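**Student:** Here you go, sequence then predicted model.
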There are 2 protein chains.
Amino acid sequence: MPTTRKDQAIATGEGQLCAKLVALDTFRENTVLLARDCAALRPERLRGVRKVEVRSGRGTVLAIPLICDDPNLVAAHEAGLSQPLARRLGARPGEWLQVRPAPPLDTLQAVRAKVAGETLSAAAYDAIARDLAEHRWSDIEISAFLIACASSMTAEETLDLTRAMVAAGDRLTWDRDLVVDKHCIGGVPGNRTSLIVAPIVAAHGLLIPKTSSRAITSPSGTADTMEVLARVDLSEEEMRSVVERCGGCITWGGRVRLSPADDVLISVERPLSIDTPEQMTASILSKKLAAGSTYLVLDIPVGPTAKVRDRREALRLKKLFEFVARRLGLELEVLVTDAAEPIGRGVGPVLEARDVRAVLEGRADAPADLREKALLLAGRLLEADPNMPGGSGAKRARELLESGAAARKLDQIAEAQGPSPVDGRLGGLIHEVLAPTSGRVERIDCLQIAAIARRCGAPSDPGAGVDLLAKTGAQVRKGDPLYRIHGCEALDFGSAVDLAGDNSGYELAS
Amino acid sequence: MPTTRKDQAIATGEGQLCAKLVALDTFRENTVLLARDCAALRPERLRGVRKVEVRSGRGTVLAIPLICDDPNLVAAHEAGLSQPLARRLGARPGEWLQVRPAPPLDTLQAVRAKVAGETLSAAAYDAIARDLAEHRWSDIEISAFLIACASSMTAEETLDLTRAMVAAGDRLTWDRDLVVDKHCIGGVPGNRTSLIVAPIVAAHGLLIPKTSSRAITSPSGTADTMEVLARVDLSEEEMRSVVERCGGCITWGGRVRLSPADDVLISVERPLSIDTPEQMTASILSKKLAAGSTYLVLDIPVGPTAKVRDRREALRLKKLFEFVARRLGLELEVLVTDAAEPIGRGVGPVLEARDVRAVLEGRADAPADLREKALLLAGRLLEADPNMPGGSGAKRARELLESGAAARKLDQIAEAQGPSPVDGRLGGLIHEVLAPTSGRVERIDCLQIAAIARRCGAPSDPGAGVDLLAKTGAQVRKGDPLYRIHGCEALDFGSAVDLAGDNSGYELAS
């Protein structure tokens, strides 16, 4: 009897509001729309609070209130639920909800302690990861926590945070002692080795249930490139079925609840463009442990325009990864690789998928650097197989690639994951950037090439990107094309061409 | 011709959208609602961007996009403007707006430098204050900046930030060489000296154009208590008129554009409950300088449950204030005062206004501690008058109070500001907290008393609060009332009584 309940709620000040779905996607943040003359609580009461607790029959969620002055949108007795809030609350329209100012969260005391430079306990990180996974913190609180951690976080704390993040989500188990994975910390355009390594390793018979990410600040993530070949937004059940059939998968991690606290942290790190060694370690290792991996090869590319700039920084990061992995029972091999220039030729989902295909099909024009790097990583993973003679991994990897076994495996995985939902054609708008003088390609700026590809629309337009026609060391003549820009939309394409005109990212020496 | 323009905009991909006002109060943050099939830009293009630039004929504002799936709320060719965005953009419904992904802000590079522990230049702080004042940063960016500054900010940087914050807003000028003000850093319940000091000083003839704040985390701010006596939300023009007529005013700073960057920083500091010495210094001094003050008496209360806990901390804060004030040409006298217990008897707007009246009217039951503290501060301010013999300030202050001149001055100021818009009655729900044993009041916990008063509804309900009947040193018998809780709403009142039941905040010794 809503009307009776409504009157009752207003009369008793019970804080009851009627759920109304508002078709607003507030991305990650839980948002609730309350009328300015809300029957449950007055907005001025929210001054200095900024968060309310919304309780349905199925759960309690904290939400950020926005005040609505349009009774057609949200009336005094209603709570307007944004899409993420309605989903997390599992609320039905017309259902009565309890709404009250949120009680203070204990974990926010820990944020203030961290700001004051204190070291937090393992128990504090457990509580923090749980609150993050349950979306109890607002974005500004997450931001404060990330920045406070950036200025002081010990290796022990990184370990505690990683462990807590694993515990706060689901954890996949596989009935194998050895479950392998590879990961690259990123920062190098075109570096799509996973799409070659995973099929090689799976073709050998090792289990590699790979979840990957979409681009954060790059022109393509592994998941974006794989999506050109197959569907990637698999549920945990679907992923398990693919892995059981094929021995491996390459899916997007967004639909499985592996280290959900990490997803929450990343959603704020992304717009801030902040990526500290400690958060990177906790993020990557928590995801791998939650996916059930037991053996990981980690690629840390080092280069003047890569994420890690010098060997000293790479070494510090390597040690942190090793410390945390060892303590959490994950066997880890770190490879510090050279990243003076983009890997492969294509930068952007469709172009990268083309390079991957070329390597797997053994085509003469396949980029050698991408092939050799993939073989190096695959060889190291194969060494994890106790039945392989030591030192034979590299040879075995090459066999599996050259025999076509890896290519067949990728086809099998792609078929099992389902058909690609995206337009896999290369962008039809084309501009060639030409060498201004004759000479040798001395340097290619990874950041600038990535920026041009992104400006052009990658990865939102899978067919947009940059196709490198000359790599470092090549001799070019004045007027020779250095690279080709592919675009799908005129505005973005024009803007990318302008950006390349300002700075091509290439340095030539005569 | 909207339809034609709409078709054109869609056809050319111009990024034009039609302004629609959405009655949503998103507090400080600029929010724009875009349809998922938005004609100007696709939401997936916003992945990792999170901000769009909205341009009208009258200005350009950065806004956070939310995605809307209800065409009745926001259609594909529309931009739904939240109230703060519409206000700042000066946009009219139906007007065509240019909407595009926001270009990266240079000042966010400074935030990342600060996170990395670098010291920022004066020019960087100038740019930051301007971007803050123009609402170009999102809340998570502001949060990141605040926390990065909390872990490393030099005195020079605090000076640069203060100067930049003054420059980014309006600055009042008065045709007097001497313009005085007083300020308390807060943290002590009931400490409403400004409402006594300002009338004394103005009655003497000094100019004291006082802007004050509403409560942030306390049960009442100076503006909240003054609002029981008069209107406080004055525009700059109205404030100037009151000061010209009365020699002083006590208004809320929210409607004048004095150090607007400070308002933006506070809007994020508040929910984070973070208040560092550096931000406090820049906040207070920028407001005072912008208000045209030349001489400031600053009260730093020190006590075990106050904002500043010990003398050492107070001394550090004092030196920072002095350094910045001196370099910016503001004469500053800092008083470190004792704050072992609340000042006065009432905690909450109506109760505090009652205490102020009692002191001004010279009533026998007026709280002596409030009177003496106000006289101390007023005396120091009067010493700034070059025509007063040195050392005569205290005596003069007492004369102006005891003669009734100060009381008349407050009446004059209140009348000039206009009638109070709030219900000035004391809350009718009453509960007395009784002494559990006989003995002497040893300690009163400022934090707990403030928490009880807030829980009861102060300052949203001006009549809610706590009325202290026994202060430290008093001898009480078992069953004597220690304090009275006044409430206006049953739920809040009950909750406050429960809180007092858990911990009365009083410590007795026999």
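**Tutor:** All right, it came through fine. What you see is a predicted model, and the numbers here were worked out from it, not measured in a lab. Residues are numbered from 1 along each chain as shown, chains lettered A, B, ... in the order given.

**Student:** What score does the residue positioned nearest the centre of chain A have for pLDDT?
**Tutor:** With distances taken as Cα atoms, centre = their mean, chain A has A:Ser213 as the residue nearest its mean C-alpha position (3.4 Å). Among the per-residue scores, A:Ser213 shows a pLDDT of 86.

**Student:** Looks like it contacts A:Trp252 (just checking).
**Tutor:** Yes: under the criterion of Cβ atoms under 8 Å, A:Ser213 lies in contact with A:Trp252, with a separation of 7.3 Å. C-beta here means a position set from N, CA and C on the backbone, and glycine is covered the same way.

**Student:** list the residues that contact both of the two?
**Tutor:** Here A:Ser213 and A:Trp252 have A:Ala223 as joint contacts, going by Cβ atoms under 8 Å, 6 or more residues apart in numbering or on different chains.

**Student:** measure the residue nearest to the centre of chain A to A:Arg28 for me?
**Tutor:** As defined by Cβ to Cβ, to the nearest Å, A:Ser213 lies at a distance of 15 Å from A:Arg28.

**Student:** hang on, the earlier thing: so for the residue nearest to the centre of chain A, what's the nearest residue that isn't a sequence neighbour?
**Tutor:** Distance criterion Cβ to Cβ, 6 or more residues apart in numbering or on different chains; nearest residue to A:Ser213, sequence neighbours excluded, is A:Gly221 at 4.9 Å.

**Student:** Please work out how many residues are found near the one you found.
**Tutor:** By the measure other Cβ atoms under 10 Å in any protein chain shown, the count of residues near A:Gly221 is 22.

**Student:** Does it touch A:Glu227 like I think?
**Tutor:** No: with contacts counted by Cβ under 8 Å, A:Gly221 stays clear of A:Glu227, the gap being 9.4 Å.

**Student:** Get me the contact residues on the stretch 251-400 of chain A for chain B.
**Tutor:** With the criterion set to Cβ under 8 Å from any Cβ of the partner chain, the stretch 251-400 of chain A comes near chain B through A:Val268, A:Arg270, A:Pro271, A:Leu272, A:Ser273, A:Ile274.

**Student:** what's the fourth one sitting at in phi/psi?
**Tutor:** For A:Leu272, the backbone dihedrals (degrees, to the nearest 10) come out as phi -80, psi -10.

**Student:** Next: the second one.
**Tutor:** When quoted as degrees, to the nearest 10, the phi and psi of A:Arg270 stand at phi -60, psi -60.

**Student:** wait, isn't it in contact with A:Thr217?
**Tutor:** Yes: contact between A:Arg270 and A:Thr217 holds when scored by Cβ under 8 Å: they sit 7.1 Å apart.

**Student:** Could you list the low-pLDDT ranges of the stretch 301-450 of chain A?
**Tutor:** Low-confidence segments of the stretch 301-450 of chain A, defined by pLDDT under 70, are absent.

**Student:** hmm, try it at 90
**Tutor:** For the stretch 301-450 of chain A, the stretches flagged by pLDDT under 90 are A:304-307, A:338-340.

**Student:** all helices of it, in order?
**Tutor:** Counting by DSSP state H, counting those that start in this stretch, the segments of the stretch 301-450 of chain A that form helices are A:311-327, A:349-360, A:368-382, A:393-402, A:405-417, A:446-455.

**Student:** Can you give me the buried ones in the first one?
**Tutor:** This points to helix A:311-327. Neighbour-count burial for helix A:311-327, with 16 or more other Cβ atoms under 10 Å in any protein chain shown as criterion, is recorded at A:Ala314, A:Leu317, A:Lys318, A:Leu320, A:Phe321, A:Glu322, A:Phe323, A:Val324, A:Ala325.

**Student:** do the fifth one as well
**Tutor:** Using 16+ other Cβ under 10 Å as the test for burial, helix A:405-417 gives A:Ala405, A:Ala406, A:Ala407, A:Lys409, A:Leu410, A:Gln412, A:Ile413, A:Ala414, A:Ala416, A:Gln417.

**Student:** before we move on, what about the last one?
**Tutor:** By neighbour count on 16+ other Cβ under 10 Å, the buried set for helix A:446-455 is A:Cys446, A:Gln448, A:Ile449, A:Ala450, A:Ala451, A:Ile452, A:Ala453, A:Arg454, A:Arg455.

**Student:** can you pull the contacts of the fifth one?
**Tutor:** Going back to what we said before, that points to A:Ala451. Contacts of A:Ala451 were listed using Cβ under 8 Å, 6+ apart, and they are A:Leu499.

**Student:** what do you get for the first one?
**Tutor:** The contact partners of A:Cys446, by Cβ under 8 Å, 6+ apart, come to A:Gly187, A:Val188, A:Pro189, A:Gly303, A:Thr305, A:Ala306, A:Ala339, A:Glu341, A:Pro342.

**Student:** Which strand or helix spans the closest residue to chain B within the stretch 251-400 of chain A?
**Tutor:** For the stretch 251-400 of chain A and chain B, the shortest gap (Cβ to the nearest Cβ) falls at A:Pro271, measuring 4.2 Å. A:Pro271 is located in helix A:260-272, with elements delineated by DSSP states H and E.

**Student:** cool, A:Arg484 as well?
**Tutor:** Following DSSP H and E, one finds A:Arg484 within strand A:481-487.

**Student:** could you dump the following helix or strand past that strand to PDB, C-alpha only?
**Tutor:** Reading on from strand A:481-487 to the C-terminus, the next helix or strand found by DSSP H and E is helix A:490-502. What follows is helix A:490-502, C-alpha atoms only, in PDB (Å, rounded to 0.1, in the frame of the first residue of the first chain):
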ATOM      1  CA  ALA A 490      36.500  13.400 -40.100                       C
ATOM      2  CA  LEU A 491      36.900  15.600 -37.100                       C
ATOM      3  CA  ASP A 492      39.100  13.200 -35.100                       C
ATOM      4  CA  PHE A 493      41.100  12.400 -38.200                       C
ATOM      5  CA  GLY A 494      41.700  16.100 -38.900                       C
ATOM      6  CA  SER A 495      42.800  16.700 -35.300                       C
ATOM      7  CA  ALA A 496      45.200  13.800 -35.400                       C
ATOM      8  CA  VAL A 497      46.700  15.000 -38.700                       C
ATOM      9  CA  ASP A 498      47.200  18.400 -37.100                       C
ATOM     10  CA  LEU A 499      48.800  16.800 -34.000                       C
ATOM     11  CA  ALA A 500      51.200  14.900 -36.300                       C
ATOM     12  CA  GLY A 501      51.900  18.100 -38.200                       C
ATOM     13  CA  ASP A 502      53.000  19.800 -34.900                       C
END
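
**Student:** Check the gap between A:Glu238 and chain B for me.
**Tutor:** Going from A:Glu238 to chain B by Cβ to the nearest Cβ, to the nearest Å gives 22 Å.

**Student:** Compute the inter-axis angle for whichever strand or helix holds that residue and helix A:405-417.
**Tutor:** Taking DSSP H and E as the criterion, A:Glu238 maps to helix A:236-246. Computed by axes from the mean of the first three to the mean of the last three Cα atoms, to 10 degrees, the angle separating helix A:236-246 from helix A:405-417 equals 150 degrees.

**Student:** Now helix A:236-246: average pLDDT?
**Tutor:** Helix A:236-246 comes out at a mean pLDDT of 95.

**Student:** and the closest residue to A:Arg398 other than its chain neighbours, what is it in contact with?
**Tutor:** Take A:Arg398 and drop its neighbours on the chain: the residue closest to it by Cβ to Cβ, 6+ apart is A:Leu375, 5.8 Å away. Residues in contact with A:Leu375, defined by Cβ under 8 Å, 6+ apart, are A:Ile200, A:Ala394, A:Ala397, A:Arg398, A:Leu401.
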